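Peer 1: here are the coordinates; sequence isn't available:
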């Protein structure tokens, strides 16, 4: 069996402890790393944890389960995939964060891996995916850590909720069956939904804005039947550099709470171009919040009508 070992590194203008913290908290990953769609923490004990990751590799959406060992003293995180996805037979590695100065650190990302049956084509595919994702992750980590203070103003989250006298299953079905949205939702013109791997969807759709213009978006979605659907938008409108979200369906004493949560990072470079030279970050926040909230609330209300009619 041929095991390949590779290393990538980057220098970051931030304290090593701050870099470690961002890497250790996996819920940050879809926000930090472009390839990461969603991360689910499935178990933890002391400094050990199991996480399930959905991410893109060479443009294909994949998912795997990893075991991580956290070493906050040594500023190291060791990982090993427990359940791999072909063509990967084995994959592991280590994040190593080294202090260079008070506000400067070096991050080294080590990988070791094997291809199924030592297949040369499979190994070449993994080589490319690891190289591309490692460079992308390290560059994104550098950008996000260095802009941590600036992005507090331009990154924000919000949630819209409706209470439904219907079942979580019917609400989940309405959101899950996005292939029917052009028939069910007035603001959706065209939909292309694929689900080659159960529970992992690619959703492309054309939506109509209030002014009549049509916008095309593409997202990857991860579904957890009857409970939640998490997604990451990968073709973004000009005012955003990040958009992730989660649809959730929870039973409460008042009925089923159907919610749409969004996390957004604004593209400050485009604010003047889109909203005019006088527009501020606050104006852009309000504009984006209103646009997303209008669409998700409309979708939730249509889901409510659908679920209650099944009652």
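Peer 2: Perfect, thanks for sending it. The structure displayed is predicted, hence computed values, not measured ones. Numbering: from 1, shown residues only.
Peer 1: Heading C-terminal from the lowest-mean-pLDDT helix or strand in the chain, find the next helix or strand.
Peer 2: Lowest on mean pLDDT, DSSP states H and E among the helices and strands of the chain sits helix 148-154, with a mean of 66. Once the chain leaves helix 148-154, the next helix or strand it forms, by DSSP states H and E, is strand 155-164.
Peer 1: Tell me the helices and strands packed up against that next one.
Peer 2: Here strand 155-164 touches strand 255-266, helix 281-310, going by 3 or more Cβ pairs under 8 Å, 6 or more residues apart in numbering; DSSP states H and E. C-betas here are computed from N, CA, C, even on glycine.
Peer 1: So which of the ones you listed has the densest surroundings on average?
Peer 2: Among these, strand 255-266 has the highest mean neighbour count (mean count of other Cβ atoms under 10 Å), at a mean of 20.
Peer 1: mind listing what that one pairs with, with the direction of each?
Peer 2: The pairing partners recorded for strand 255-266 under DSSP bridges are strand 155-164 (antiparallel), strand 240-252 (antiparallel).
Peer 1: could you give the mean pLDDT of that strand?
Peer 2: Confidence for strand 255-266, expressed as mean pLDDT, is 97.
Peer 1: tell me the angle it makes with helix 281-310.
Peer 2: 150 degrees (axes from the mean of the first three to the mean of the last three Cα atoms, to 10 degrees).
Peer 1: and of the helices and strands packed on strand 155-164, who's closest to residue 217?
Peer 2: helix 281-310 (10.4 Å; Cβ to Cβ).
Peer 1: hmm, back to that, dump the helices and strands packed on strand 155-164 to CSV, plus distance to residue 53.
Peer 2: Shown next, in CSV, are those (distance: least, Cβ to Cβ, whole Å):
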stretch, distance to residue 53
strand 255-266, 18
helix 281-310, 25
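Peer 1: returning to that earlier point: looking at the strands paired with strand 255-266, which is nearest to residue 117?
Peer 2: strand 240-252 (36.2 Å).
Peer 1: What residues sit buried inside the closest one?
Peer 2: Residues of strand 240-252 classed as buried under the neighbour-count rule (16 or more other Cβ atoms under 10 Å) are 240, 241, 242, 243, 244, 245, 246, 247, 248, 249.
Peer 1: Likewise for stretch 193-205?
Peer 2: By neighbour count with 16+ other Cβ under 10 Å, stretch 193-205 contains the buried residues 193, 200, 201, 202, 203, 204, 205.
Peer 1: Quick check: beta-bridge partners of the second one?
Peer 2: Applying DSSP bridges to residue 200 gives these bridge partners: residue 197, residue 222.
Peer 1: beta partners for residue 80?
Peer 2: On the basis of DSSP bridges, residue 80 is bridged to residue 67, residue 92.
Peer 1: From residue 158, how far off is it?
Peer 2: For residue 80, the distance to residue 158 (Cβ to Cβ, to the nearest Å) stands at 37 Å.
Peer 1: now residue 58
Peer 2: Distance, residue 58 to residue 158, by Cβ to Cβ: 33 Å.
Peer 1: and the two? which has more neighbours close in?
Peer 2: Taking other Cβ atoms under 10 Å, residue 58 and residue 158 do not tie; residue 158 has more neighbours (15 against 12).
Peer 1: Confirm for me that the more buried one is in contact with residue 289.
Peer 2: Yes - at 6.1 Å, residue 158 counts as touching residue 289 under the criterion of Cβ atoms under 8 Å.
Peer 1: Low-confidence stretches in the stretch 51-200 of the chain?
Peer 2: Applying pLDDT under 70 to the stretch 51-200 of the chain flags the ranges 148-152.
Peer 1: and with 50 instead?
Peer 2: 149 (pLDDT under 50).
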